[in-house]
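J.: here is the input, now give the coordinates:
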Amino acid sequence: GDYTIQFIRNDEFLENEKPVSIDNDQKNCATFCYPWTKEYMSDPSRTILLANVGAHIHEFTRFQAAIDRFVDVVNQMNRPQDIVLFRTLVPGHWDCSRPALAPFQSFKEYLKDAEEHQNPKEEIYSWSKFAEYNDYAVNVIDKRKFSQSNNPLALMEVVDVFPMTVLRADGHCSDEYRPPSYLDSDCLHYDLPGPIDWWSHLAFSHLQDIAAVEKTVNSR
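T.: A predicted model of the protein is given here:
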């Protein structure tokens, strides 16, 4: 059937009445927090909400607040028919323009490379905090599964792309194959097609598993 895909940027799961514009560099939070809840609630049909936060947050307490705020908001929406997928964070790979980069064969190899190529802008990017951020988010979402609520809750699952993506130091926007127009500084984002295409595969696998469980439950 027909479906609609919509993207809304909100870097802290925070909403306010302040004006915001990426084009005009007008920020209404630490960065850009476009309103999303009204648009999301405007369509009563079953919806898949894919969310992520943290890449623009540099303090653990602020990340905690963002995750707690997001879960609270979703819980209050009374949309038990929906599916909420939270994607984990993935740090960049410093010095990703090195020639002949290839996927790491293990997590141990990734850690060794990360130690040998320290990020001189770590205080700006906070990549080393992403694993801790992920642990907190996963813990909150796991606890939610067993919480008691007076409202029917949407299913909320984690799409954990961290383990497989940290192995891909290759494929970043600033790798050795970058177009001339690309800056030699983006070792966080990936080219398309590229490693993040597998995030879609993982999310789709989650949805297939959810559909299989629902089919089994409904057939009883």
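J.: okay, buried residues for the longest helix seen in the chain please.
T.: For the chain, the helix that runs over the most residues, judged by DSSP state H, is helix 197-218. If you call a residue buried by 16 or more other Cβ atoms under 10 Å, then helix 197-218 has these buried ones: 199, 202, 203, 206. In short, each C-beta sits where N, CA and C put it, glycine included.
J.: also stretch 87-97?
T.: Along stretch 87-97, the positions that meet the burial threshold by neighbour count (16+ other Cβ under 10 Å) are 87, 88, 89, 90, 91, 92, 93, 94, 96, 97.
J.: right, and the fifth one touches residue 130 too?
T.: It stands for residue 91. Yes. With contact taken as Cβ atoms under 8 Å, residue 91 and residue 130 are classed as touching, separated by 4.7 Å.
J.: low pLDDT regions in this protein?
T.: The model of the chain has pLDDT under 70 over residues 176-185.
J.: those helices in it, which residues are they?
T.: In the chain, the helices defined using DSSP H lie at 37-41, 60-76, 107-116, 122-125, 130-145, 162-165, 197-218.
J.: most centrally placed residue in this structure?
T.: For the chain, the residue sitting closest to the mean C-alpha position, by Cα atoms, centre = their mean, is residue 52 at 3.0 Å.
J.: now, which of the buried residues of stretch 87-97 sits nearest residue 103?
T.: Set against residue 103, the nearest of these by Cβ to Cβ is residue 93 (11.0 Å).
J.: show me what contacts the closest residue in space to residue 172 that isn't next to it in sequence?
T.: Nearest-residue entry for residue 172: residue 96, 4.2 Å, with adjacent residues in sequence omitted and distances by Cβ to Cβ, 6 or more residues apart in numbering. The contact partners of residue 96, by Cβ atoms under 8 Å, 6 or more residues apart in numbering, come to 169, 170, 172, 174, 175, 187.
J.: distance of residue 96 from residue 143?
T.: 36 Å (Cβ to Cβ, to the nearest Å).
J.: repeat for residue 200
T.: In this view, residue 200 and residue 143 are 28 Å apart by Cβ to Cβ.
J.: reformat the helices of the chain as CSV; add distance to residue 154.
T.: As requested, the helices of the chain are exported to CSV (distance: least, Cβ to Cβ, whole Å):
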stretch, distance to residue 154
helix 37-41, 11
helix 60-76, 6
helix 107-116, 32
helix 122-125, 32
helix 130-145, 10
helix 162-165, 23
helix 197-218, 11
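J.: for residue 30, find the nearest of those.
T.: With Cβ to Cβ as the criterion, residue 30 lies closest to helix 60-76 of the helices of the chain, at 7.8 Å.
J.: next, count neighbours for residue 126.
T.: Taking other Cβ atoms under 10 Å as the neighbour definition, residue 126 ends up with a count of 22.
J.: isn't it right next to residue 60, touching?
T.: No. Counting by Cβ under 8 Å, residue 126 does not reach residue 60; the two are 9.2 Å apart.
J.: identify the bridge partners of residue 190.
T.: Here residue 190 shows beta-bridge partners residue 172, assigned using DSSP bridges.
J.: and it, how many neighbours?
T.: For residue 190, the number of neighbouring residues by other Cβ under 10 Å comes to 22.
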